[in-house]
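**Q** Model the following, please.
(chains A, B and C)
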Amino acid sequence: MKRRRPIPQPPSTPPTPTLLKTLVSNSKPTSNSSKKPMILIKTPQTPPPTTPISPKWVPLNIAKSELSLALTFPTGQTFRWKQTTPLQYTGVIGSHLISLKHLQNGDVAYLIHQSPSEENARSALLDFLNVGISLSEMWEVFKASDSRFAELAQYLGGARVLRQDPLECLIQFLCSSNNNIGRITKMVDFVSSLGNYLGSVGGFDFYEFPSLDRLSMVSEEDFREAGFGYRAKYIIGTVKALQSKSGGGIEWLASLREMDLQEVVDALSTLPGVGPKVAACIALFSLDQHHAIPVDTHVWQIATRYLIPELAGARLTPKLCSRVADAFVSKYGKYAGWAQTLLFIAELPSQKTILPPKFWAIEENKDTNIKASTTGNGPCGSSLSITKSC
DNA sequence: GGGAGACCTAGTAA
DNA sequence: ATTACTAGGTCTC
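**A** Next comes the predicted model:
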């Protein structure tokens, strides 16, 4: 279970007027001290003293075919949202703490736990959910041109791309490099806990995402002690780089939403810790770059299986990365990133339960190389087990 | 350009 | 009980 994490101590000057959160200071343990020494303990957490909100579920006019929570939130776009009950997902958008669930008819409903303004919360939510974009319409196009997509779409309807806050997205994917989901989540939880506490739902604590200034008060060593490993310096360096932007780092990030994908990727890549994969994630998940393709090993497998088989067996080099991205874009067009999202989800082990077995394993190759060697544990021993490099 | 290693860490497979 | 390897990569020679 998650537990409250102590957070590093901010230097004396409070950059922003944090409401009501008291921080106990303590001296920095640059010392030997054991592994666990945490720098400071946050005082007991009480929710902000905002006006009490009568919690009630409010229906949104969004069908499950447009938004499936289970296919959108736990699939690697964000590590900030938690499954707080079997059918409910909870997260923070700006300063709003919100839960989502499906109603009986499948439509999505929301509940505001904490917010300075319910009206703003709703519009922030709609923006976050990217509701201006019709999933079913774009999928019709994909399905028409790709029979495999059409089949998968039957089972994976509502796999949507969110429109996250750019800074939040950037920091999250900085944590993601060469890492696994469990640990990424822990790291993101740590970063989140630096922000203002908003409330607790289903045993999880929720926080506003910390500001750039707040992040800048955390040292590389603090992050390392929190288990970030070499990514600690990425975060420090990126925060610093953002702060040095004339006009402000947040504004700089926001301005990328108006730019072309290549410019966006180039700009992001100047930040330490941001390579092609991470840049594409940020571009797709927060900067309106709907045809950005985050090419990782999974996507590489998909691509070499269905899109550019002539490259099967090759090693994934940066150049081939862009070749893969190009292949996706020429097949799926300006929303290629959304198409890729569905194909990616279909590869996740967690989806095996809802996909028929025919999708589990790699389709039998004419090459008998990949003989089914799974004798023990059923057909799905590991579907992703094409060896990475041959 | 492209290839090789190093880099943090927790979990799992030999 | 060690060792090797992997996991939504990036950086530096």
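
**Q** And the residue of the stretch 51-200 of chain A that's closest to DNA strand B?
**A** A:Asn178 (4.6 Å; C-beta to the nearest atom of the strand). C-beta: built from backbone N, CA, C; applies to glycine.

**Q** Then the stretch 151-300 of chain A?
**A** Of all residues in the stretch 151-300 of chain A, A:Gly229 sits closest to DNA strand B, at 2.4 Å by C-beta to the nearest atom of the strand.

**Q** Output the lowest-mean-pLDDT helix or strand in chain A as CSV, restricted to C-alpha atoms.
**A** Here the helix or strand of chain A ranked lowest by mean pLDDT, DSSP states H and E is helix A:297-302, holding a mean of 84. Extracted C-alpha coordinates of helix A:297-302, given in CSV (Å, rounded to 0.1, in the frame of the first residue of the first chain):
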residue,chain,number,x,y,z
THR,A,297,10.6,-1.9,-27.8
HIS,A,298,6.9,-2.8,-27.9
VAL,A,299,6.1,-0.4,-30.7
TRP,A,300,9.2,-1.6,-32.5
GLN,A,301,7.8,-5.1,-32.3
ILE,A,302,4.5,-4.0,-33.7
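
**Q** For it, name the packing helices and strands.
**A** helix A:318-332, helix A:336-347 (3 or more C-beta pairs under 8 Å, 6 or more residues apart in numbering; DSSP states H and E).

**Q** Would you reformat those as a markdown table and include distance to A:Pro356?
**A** Supplementary listing: those in a markdown table, determined by distance: least, C-beta to C-beta, whole Å:
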| stretch | distance to A:Pro356 |
| --- | --- |
| helix A:318-332 | 23 |
| helix A:336-347 | 11 |
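
**Q** and DNA strand B, which of these is closest to it?
**A** Taking C-beta to the nearest atom of the strand, helix A:318-332 is the member of the helices and strands packed on helix A:297-302 nearest to DNA strand B, at 3.2 Å.

**Q** From the contact counts, what lies against the closest one?
**A** Helix A:318-332 is packed against helix A:135-145, helix A:276-286, helix A:297-302, helix A:336-347, with contacts defined by 3+ C-beta pairs under 8 Å, 6+ apart.

**Q** weakest of these in terms of mean pLDDT?
**A** The minimum mean pLDDT among the helices and strands packed on helix A:318-332 belongs to helix A:297-302 (a mean of 84).

**Q** Setting the sequence-adjacent residues aside, check what's closest to the closest residue to DNA strand C within chain A.
**A** Closest approach between chain A and DNA strand C, counting by C-beta to the nearest atom of the strand: A:Gly76, at 1.0 Å. Using C-beta to C-beta, 6 or more residues apart in numbering and skipping the chain neighbours, the partner closest in space to A:Gly76 is A:Ile181 (6.8 Å).

**Q** Spell out which parts of the stretch 151-300 of chain A neighbour DNA strand C.
**A** Residues of the stretch 151-300 of chain A that fall close to DNA strand C, judged by C-beta under 7 Å from any atom of the strand: A:176-181, A:230, A:234, A:269, A:271-279, A:281, A:294, A:296-298.

**Q** swap the cut-off to 6 Å and go again
**A** Within reach of DNA strand C by C-beta under 6 Å from any atom of the strand, the stretch 151-300 of chain A has these residues: A:176-181, A:272-278, A:296-297.

**Q** Show me how to select, in PyMOL, the buried members of those residues.
**A** Only the buried entries of these go into this PyMOL selection, using 16 or more other C-beta atoms under 10 Å:
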select buried, chain A and resi 176+272+273+274+276+277+278+296
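
**Q** and which of the residues of the stretch 151-300 of chain A next to DNA strand C is nearest to A:Leu348?
**A** Relative to A:Leu348, the closest of these is A:Ile181; by C-beta to C-beta it sits at 10.0 Å.

**Q** by contact count, what packs against the helix or strand encompassing A:Glu251?
**A** Per DSSP states H and E, A:Glu251 falls inside helix A:249-255. Judged by 3+ C-beta pairs under 8 Å, 6+ apart, helix A:249-255 is in contact with helix A:166-175, helix A:231-243.

**Q** just the angle between the helix or strand following that helix and helix A:231-243, please?
**A** On the C-terminal side of helix A:249-255, the nearest following helix or strand under DSSP H and E is helix A:261-269. Relative orientation of helix A:261-269 versus helix A:231-243 (axes from the mean of the first three to the mean of the last three C-alpha atoms, to 10 degrees): 120 degrees.

**Q** other SSEs contacting helix A:261-269?
**A** Identification of packing neighbours for helix A:261-269 by 3+ C-beta pairs under 8 Å, 6+ apart yields helix A:276-286.

**Q** Give me the residues contacting the helix it packs on.
**A** A:77-78, A:161-166, A:168-170, A:173-174, A:176-177, A:256, A:261, A:264-265, A:268-269, A:274, A:289-290, A:292-296, A:318, A:321-322, A:325, A:337, A:341 (C-beta atoms under 8 Å, 6 or more residues apart in numbering).

**Q** can we see that at 6 Å?
**A** A:77, A:164, A:166, A:169-170, A:173, A:264-265, A:268-269, A:289, A:292-294, A:296, A:318, A:321, A:337 (C-beta atoms under 6 Å, 6 or more residues apart in numbering).
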